[in-house]
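>>> no letters, just coordinates:
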């Protein structure tokens, strides 16, 4: 460990900040020691582990408390014949891809950025474009090591009761140190991608439903600013891992030529109101027009298909000093998606970069895991006071229809709505209490939403 | 925790009976996130009334409201008072709103004049010192300090009050800068003439505002780094001009 440093931490949205004592433990034993000493501190502010800080809100902040960075735990083991591999909790999805793809394996689930650690991915039970088929990452964890609230290392398997408190548990059940993951075999480093424009929301949603039957990966980018006949128009992309021999739309990249992708430097500074509603509308128009009007087929790289925003490091700075938030909900009913977008349009929410996707079944036995069958919509917007009322109204509307928000994205929901969104919250609390009876683990998110 | 849109969940008010404090409590409650409100001040009818009106506010249904005794002039009590409040839970926003406006008799009485300094300035120094230390400990928080344009340049009609506010303003501004990077910020609010119980019976000055305008300026300034807020905003250029007037001119002004 290199010492403890007071550091102001924010989420990816840069909209809230708090100061924590941040340390970089060099080993699992040092992490356990930090937890044990925090446990013995009366009226302490607790411990939280933090990976790469990609949660949008305050999930990886612990104001006044200790924050363990897991960046020393980046080891990746040997991939066995069945595709299982041990990964240190501090290794990122990108690290795993760089190691596994040339060997013919792919991560079972990747979110929209490869800059998330495995520990963070398990804590948020992240999903990807293949959720309708493969579920979220918790479904592909064979076992994991956890430093629990007593500072003891234990190994949990999907059959262990505590497993469901850790998967989706937002880091509040312990520090994950190792994840044994089941990888997916691939033949090439490319994806065969179908791209098509959709004219309106009905077509976008119908196309997603249809594509889910055919393809492993599906997602629709949605223009939430267009209205009238083009309300809910979008660009649907569906993909599958390309195989050797059959390569429609170009030549797939051989496994050994795989690269995780280029990174351009992001802007060091951005004017506060770079993203006006008018400019967003222009952007959306251009993005829509750039997509081919007739369905096309192409070979795309892993980076271009899964992680397009990773090309610009620090893209979260484009929202300037006010920061931004992402509103992501899951709801079963088709009509709710339309209604919420209409609410946003009426209120003039300056949001763009909306993503629509269908979820398959949720993760069994993980009460705080976000995905549930139906739709999910994610929409970025600047953190301006003007969006407060419409987001509150959308929360109420969604909760009344069985909808929920994603804790890894949230930075503003009313705490009293959480038990309705996550009806098994008390079950999670029971499981958590067995792993962390003294409530050593804490976060700004947990305090704000009184999760613990 | 202050959320991403600047809505606090917990609020400590020192000087809870003041009109600006009550208006601020109402404006914060309207954001619908409050779960804890501590109303501190001298016990009595005015504080009871402030507590009752806080309980009646829309948006306050889920909040635990407590009224506690606080004596601004008793600096020795401030440390334990603040500890008790913070030990019982988080404080996202602390509003320092106490203060007295001395009348002519008070200004003329050496001992009474010094007591005004004790209440308005010395008491604020001890309270702010205790609050900022505990907010550092929780790694986040906003301290809102009610200063006044009267502190910007003391007037012959109001120099004692102005001197206390000048001291308070300087202390709070420096405190805010010293807290930079700590997760804690200090918002120094400089209202002009505010129509309140404290100024009742006085002739309203130009650019006079009501307590609600001050409260709105406060709730929209809770996010971000330490700052100074003028209410109304044109007060800033006006006072900038007045500050640079030669004294021979300034003392002749009918203010």
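It's in. If you're wondering where the values come from, they're calculated on a predicted model, not measured in any experiment.

>>> ok but residue A:146 is inside a helix, no?
No. Using DSSP: H, G, I helix; E, B strand; the rest coil, the secondary structure at residue A:146 is strand, not a helix.

>>> burial count for it?
By the criterion of other Cβ atoms under 10 Å in any protein chain shown, residue A:146 has 27 neighbours. Bear in mind the C-beta positions are built from the backbone N, C-alpha and C, glycine included.

>>> so who does it touch?
Neighbouring residues of residue A:146 by Cβ atoms under 8 Å, 6 or more residues apart in numbering or on different chains: A:153-156, A:162, A:166, A:173-177, A:435.

>>> what do you get for residue A:178?
A:28, A:73, A:86-89, A:144-145.

>>> so which bits of stretch A:430-444 are buried?
Across stretch A:430-444, burial judged by 16 or more other Cβ atoms under 10 Å in any protein chain shown covers A:431-432, A:435-436, A:440-444.

>>> so which of those are also by chain B?
Checking these against chain B by Cβ under 8 Å from any Cβ of the partner chain, the ones in range are residue A:444.

>>> using a markdown table, lay out the buried residues of stretch A:430-444 together with secondary structure.
Below are the buried residues of stretch A:430-444 laid out as a markdown table (three-state DSSP):
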| residue | secondary structure |
| --- | --- |
| A:431 | helix |
| A:432 | helix |
| A:435 | helix |
| A:436 | coil |
| A:440 | coil |
| A:441 | strand |
| A:442 | coil |
| A:443 | coil |
| A:444 | helix |
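
>>> so can I have TSV of the buried residues of stretch A:430-444 showing pLDDT?
Shown next, in TSV, are the buried residues of stretch A:430-444 (pLDDT from 0 to 100):
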residue	pLDDT
A:431	98
A:432	98
A:435	98
A:436	97
A:440	97
A:441	98
A:442	97
A:443	98
A:444	98
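
>>> nearest residue to residue A:381 in space, please, no chain neighbours.
residue A:351 (4.0 Å; Cβ to Cβ, 6 or more residues apart in numbering or on different chains).

>>> so that neighbour touches residue A:378, yeah?
No. With contact defined as Cβ atoms under 8 Å, residue A:351 does not count as touching residue A:378 (10.0 Å).

>>> who in the stretch 1-150 of chain B is up against chain A?
Neighbours of chain A within the stretch 1-150 of chain B, by Cβ under 8 Å from any Cβ: B:1-7, B:9, B:31-33, B:35, B:62, B:87, B:90, B:136-140.

>>> burial count for whatever residue of the stretch 101-250 of chain B ends up closest to chain A?
Using Cβ to the nearest Cβ, residue B:139 is the residue of the stretch 101-250 of chain B that sits closest to chain A, at 3.0 Å. Other residues near residue B:139 come to 27 when the count uses other Cβ under 10 Å.

>>> name the SS class of the residue nearest to residue A:118 when sequence neighbours are not counted, please.
Distance criterion Cβ to Cβ, 6+ apart; nearest residue to residue A:118, sequence neighbours excluded, is residue A:179 at 4.6 Å. In three-state terms, and counting by three-state DSSP, residue A:179 is strand.

>>> list the beta-bridge partners for the closest residue in space to residue A:191 that isn't next to it in sequence.
Of all residues not flanking residue A:191 in the chain, residue A:239 sits nearest, at 4.2 Å (Cβ to Cβ, 6+ apart). Beta bridges link residue A:239 to residue A:193, residue A:217, judged by DSSP bridges.

>>> so what strands line up beside the longest strand anywhere in chain B?
Using DSSP state E, we find that the single longest strand of chain B is strand B:184-191. As defined by DSSP bridges, the strand partners of strand B:184-191 come to strand B:141-146 (parallel), strand B:227-231 (parallel).

>>> re earlier: of the residues of the stretch 1-150 of chain B next to chain A, select the buried ones using a ChimeraX command.
Buried residues among the residues of the stretch 1-150 of chain B next to chain A (16+ other Cβ under 10 Å), as a ChimeraX selection:
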select /B:1,2,3,4,5,6,7,9,31,32,33,35,90,136,137,138,139,140
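
>>> wait, residue A:86 sits on residue A:76?
Yes. If you go by Cβ under 8 Å, residue A:86 and residue A:76 touch, sitting 7.3 Å apart.

>>> buried residues, the least confident helix or strand in chain A by mean pLDDT. List them.
Sorting the helices and strands of chain A by mean pLDDT, DSSP states H and E puts helix A:277-290 at the bottom, at a mean of 82. Along helix A:277-290, these residues count as buried under the neighbour rule (16+ other Cβ under 10 Å): A:280, A:284, A:288.

>>> let's have the residues you listed in CSV, adding distance to chain B.
Converted to CSV, the buried residues of helix A:277-290 look like this (distance: Cβ to the nearest Cβ, whole Å):
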residue, distance to chain B
A:280, 19
A:284, 23
A:288, 29
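
>>> for chain A, see how far away residue B:28 is.
13 Å (Cβ to the nearest Cβ, to the nearest Å).

>>> where's that residue, which helix or strand?
Assigned by DSSP states H and E, residue B:28 belongs to helix B:19-29.

>>> what packs against that helix?
In terms of contacts (3 or more Cβ pairs under 8 Å, 6 or more residues apart in numbering or on different chains; DSSP states H and E), helix B:19-29 is packed against strand B:10-14, strand B:36-41, helix B:45-55, strand B:93-96, helix B:211-219.

>>> fine, thanks again, bye for now.
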